[in-house]
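K.L.:
have a look at this prediction, sequence included:
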Amino acid sequence: MSNEEWSEPPGPHQPPGPLPDGSIPLYGHRPPPGAPGGGPAQPRVGWGPGFGGEHHFQHGGPSPREHFSGLLVGLLVLGGVAVVVVIAALALRGGDSPTVAPQPGAGQTTSTGAPDDRPGTPPATPSSQDSAKSVTTNAFYSTGVQRSVGCSERQVALNTRAKVEAYYANLVGCLDKAWTPQIQAANDTFVAPRVVFWAGSVQSPCAGGSSVSFYCGATQTLYLKYQDDIKLWNRSIDGANRSFSRMWATYTAGHEFGHHLQQLTGILPAARQLEYDAPDREARLEVSRRLELQASCLGATFMGANKTSYGITGLDLTIYRRFVEAQTGDENNRGGPRDHGARTSHQYWAARGFNTLDSTSCNTFTASASKVS
């Protein structure tokens, strides 16, 4: 990747190195099939800092299910000055009832059958052959380069519920505006997602509960855990940490919105069918990784197209590319399933989206297995 693509701040220093291995607890994995009590549930696609609840990710520590409190610290050197990037990894407690933002959208439930050992239950979709065609040759991949829609970042501190909701509402509105032409060009109907802001715990048709932000295709809803954004912001000791907080929120929303695009174009339900029909666990995990890596690529496509107007330059760009994109991966979920993709894979696909601005570059379903490891 060239220096021009990275757009590093001016100066003689080298780009910052990666944080210590495992130091960013980025997301949780999918739940086991079925809801509490034995009922079937649609599988959610999970994301977000693993700050609390069932999954706790640590650097070099015990298994993810053990409780953990504390701060994981990485050292970032920019312009010859050392600044501490504090990554909160706290076992957070408490919570409020989730609220629904005033975003238009129409949720549609998907029929389910009896649960088994596979991820959820099969949707009412055609055969595996048709599903494979849907994910590999979808018209969405031929919609061309995304153009900037001139959106700007909402300039608020992420230290209260109202401010976090305002930040995400602005960002989701920008994503709606940017992706509407692409969805329509694929001859699909764009429907803006519903957004649920929540803290503590939340229930959805896609899972009995979650500890992280996620997307539910059954109701076409982004479930964004504002509590973690506030905690991360309040532990920010300087500009670099606050930049990380903002860029992480931006990346999270872009990724979850990527899953919404997959739902609207039929890629997500078709991939679910492929997971259900997969011959073994490893094959199912590979389909899951292709979904997650594609969502990261699509989120980065929006940011690449709008980086100038949105204001992702200088330090923000360095944090976004080096410390968010490059440090996202299954390595952060030690002992968990390899269902999201390795750091190198996330960096590869996010860079493709960010640099090409074209959804065709996000076709993870035709890539070799080595590119979706």
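P.N.:
Done, it's in. Worth saying up front: this structure is predicted, and the values here are computed from it rather than measured. Numbering: from 1, shown residues only.
K.L.:
surely residue 320 is in a strand?
P.N.:
No. With DSSP: H, G, I helix; E, B strand; the rest coil as the criterion, residue 320 is assigned helix and is not in a strand.
K.L.:
quick one: contacts for the nearest residue to it once chain neighbours are set aside?
P.N.:
Counting by CB to CB, 6 or more residues apart in numbering, residue 247 is the residue found nearest to residue 320 once chain neighbours are left out, at 4.4 Å. Using the backbone N, CA and C atoms, a C-beta is placed for each residue, glycine as well. Residues near residue 247 by CB atoms under 8 Å, 6 or more residues apart in numbering: 312, 316, 319-320, 323-324.
K.L.:
any idea which helix or strand comes after the helix or strand hosting residue 247?
P.N.:
Assessed by DSSP states H and E, residue 247 sits inside helix 239-265. Downstream of helix 239-265, the next assigned helix or strand under DSSP H and E is helix 267-277.
K.L.:
the inter-axis angle of that next one versus helix 239-265?
P.N.:
Here helix 267-277 runs at an angle of 80 degrees relative to helix 239-265 (axes from the mean of the first three to the mean of the last three CA atoms, to 10 degrees).
K.L.:
now helix 267-277: buried residues?
P.N.:
Neighbour counts over helix 267-277 (16 or more other CB atoms under 10 Å) mark 267-277 as buried.
K.L.:
thought residue 346 was touching residue 328, still the case?
P.N.:
Yes. Counting by CB atoms under 8 Å, residue 346 is a contact partner of residue 328 at 4.4 Å.
K.L.:
what is in contact with the two at once?
P.N.:
The contact sets of residue 328 and residue 346 overlap at 296, 340 (CB under 8 Å, 6+ apart).
K.L.:
picking up where we left off before, now for the contacts of residue 247: which two are most distant?
P.N.:
Farthest-apart pair in those is 312 and 323; separation 12.9 Å (CB to CB).
K.L.:
returning to that earlier point: got a pLDDT number for the residue nearest to residue 320?
P.N.:
pLDDT recorded at residue 247 is 96.
K.L.:
same deal with residue 17?
P.N.:
Listed pLDDT for residue 17 reads 33.
K.L.:
repeat for residue 27
P.N.:
Each residue has a pLDDT score; the one for residue 27 is 41.
K.L.:
then the one 3 residues further on?
P.N.:
For residue 30, the model assigns a pLDDT of 36.
K.L.:
quick one: residue 234 from residue 319, how far?
P.N.:
Using CB to CB, to the nearest Å, residue 234 is found at 18 Å from residue 319.
K.L.:
let me redo that: residue 253
P.N.:
If you measure residue 253 against residue 319 using CB to CB, the figure is 16 Å.
K.L.:
which one's more surrounded, those two?
P.N.:
Using other CB atoms under 10 Å as the criterion, residue 253 and residue 319 rank with residue 319 on top: 27 against 24.
K.L.:
for residue 223, helix, strand, or coil?
P.N.:
At residue 223 the chain is in strand, as set by three-state DSSP.
K.L.:
who does it form a beta bridge with?
P.N.:
Here residue 223 shows beta-bridge partners residue 196, residue 214, assigned using DSSP bridges.
K.L.:
so what's the residue count around it?
P.N.:
Around residue 223 there are 27 other residues, counting by other CB under 10 Å.
K.L.:
same question, residue 163
P.N.:
Using other CB under 10 Å, residue 163 has 17 other residues around it.
K.L.:
spit out the contact partners of it.
P.N.:
Contacts of residue 163 (CB under 8 Å, 6+ apart): 156-157.
K.L.:
can you name every helix or strand that the helix or strand hosting residue 133 contacts?
P.N.:
Here residue 133 sits within helix 128-136, counting by DSSP H and E. The contact analysis (3 or more CB pairs under 8 Å, 6 or more residues apart in numbering; DSSP states H and E) places helix 128-136 against helix 267-277.
K.L.:
tilt between the helix it packs on and helix 128-136?
P.N.:
Between helix 267-277 and helix 128-136, the angle comes out at 140 degrees (the same axes, to 10 degrees).
K.L.:
whatever helix or strand comes next after helix 267-277 packs against which elements?
P.N.:
Later in the chain than helix 267-277, the nearest helix or strand by DSSP H and E is helix 281-310. For helix 281-310, the packing partners by 3+ CB pairs under 8 Å, 6+ apart come out as strand 45-46, helix 161-185, helix 239-265, helix 267-277, helix 343-356.
K.L.:
pull out the buried residues from helix 281-310.
P.N.:
284-307, 310.
K.L.:
pLDDT of the helix holding residue 133, averaged?
P.N.:
pLDDT averaged over helix 128-136 gives 93.
K.L.:
what angle do that helix and helix 281-310 make?
P.N.:
30 degrees.
K.L.:
which residues are contacting helix 128-136?
P.N.:
125, 266-267, 270-271, 273-274, 277, 290, 363, 365-366.
K.L.:
who touches the nearest residue to residue 299 once chain neighbours are set aside in this structure?
P.N.:
Leaving aside its sequence neighbours, residue 299 sits nearest to residue 254 (CB to CB, 6+ apart; 2.7 Å). By CB under 8 Å, 6+ apart, residue 254 lies in contact with 171, 175, 298-300, 302-303.
K.L.:
okay then, goodbye and thanks.
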